[in-house]
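Asker: Return atomic coordinates for the entry below.
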Amino acid sequence: QVQLVESGGGLVQAGGSLRLSCSGSGRFFGRWTMGWFRQAPGKEREFVAGISGLGGRTYYADSVKGRFTISRDNNKNTVYLQMNSLEPEDTAVYYCAATDRSPIAVLTTSGSYAYWGQGTQVTVSS
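Answerer: Numbers count the residues shown, from 1 in each chain. Got it, this is the predicted structure:
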């Protein structure tokens with residue numbers, strides 16, 4: 001059974017930075033494609049960033065490109081989301097997700113991911 005646990009959320013002023021972490025249990029973590037999604041109140045869950053299992057390809061939503069960076073440390077079974085230049089519009093619950101369906105390509109739809117963490121709140125004040 002795959003379990004994902006996020007950490008690193010919190011309250012930050014606009015322009016500030018946060019780093020989210022997602023630790024995964026289970027075998028073959030290095031082959032999983034990992035994604036970060038977020039959901040703001042009253043809005044649908046949206047893709048933020050993803051990193052493939054093999055090759056470490058990355059892909060970002062246009063709204064975060066140039067500000068957020070996704071990375072992974074397979075030795076620690078952990079994926080990170082470095083968030084810089086945060087804006088109030090980034091306020092949301094951030095979720096980590098994993099899939100073994102596509103080790104090479106980054107998937108951007110939430111339905112493609114089988115495993116989810118519990119979420120961590122990120123609040124950006126203006």
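Asker: if I look at the residue nearest to Asp100 when sequence neighbours are not counted, how far off is Ser25?
Answerer: Nearest residue to Asp100 in three dimensions, chain neighbours excluded: Trp32, at 5.5 Å (C-beta to C-beta, 6 or more residues apart in numbering). Glycine gets a C-beta too; all of them are placed from N, C-alpha and C. As defined by C-beta to C-beta, to the nearest Å, Trp32 lies at a distance of 11 Å from Ser25.
Asker: Quick check: end-to-end length of stretch 100-112?
Answerer: With C-alpha to C-alpha, to the nearest Å as the measure, the first residue of stretch 100-112 is 9 Å from its last.
Asker: quick one: average pLDDT of that stretch?
Answerer: In this model, stretch 100-112 carries a mean pLDDT of 88.
Asker: neighbouring contacts of that stretch?
Answerer: For stretch 100-112, the surrounding residues in contact (C-beta atoms under 8 Å, 6 or more residues apart in numbering) are 28, 31-33, 35, 37, 45, 47, 50-55, 57-59, 61, 97, 99, 113-114.
Asker: so where does the most centrally placed residue in the chain fall, helix or strand?
Answerer: When the chain is reduced to its mean C-alpha position, the nearest residue by C-alpha atoms, centre = their mean turns out to be Trp36, at 2.1 Å. When elements are defined using DSSP states H and E, Trp36 is found to belong to strand 33-39.
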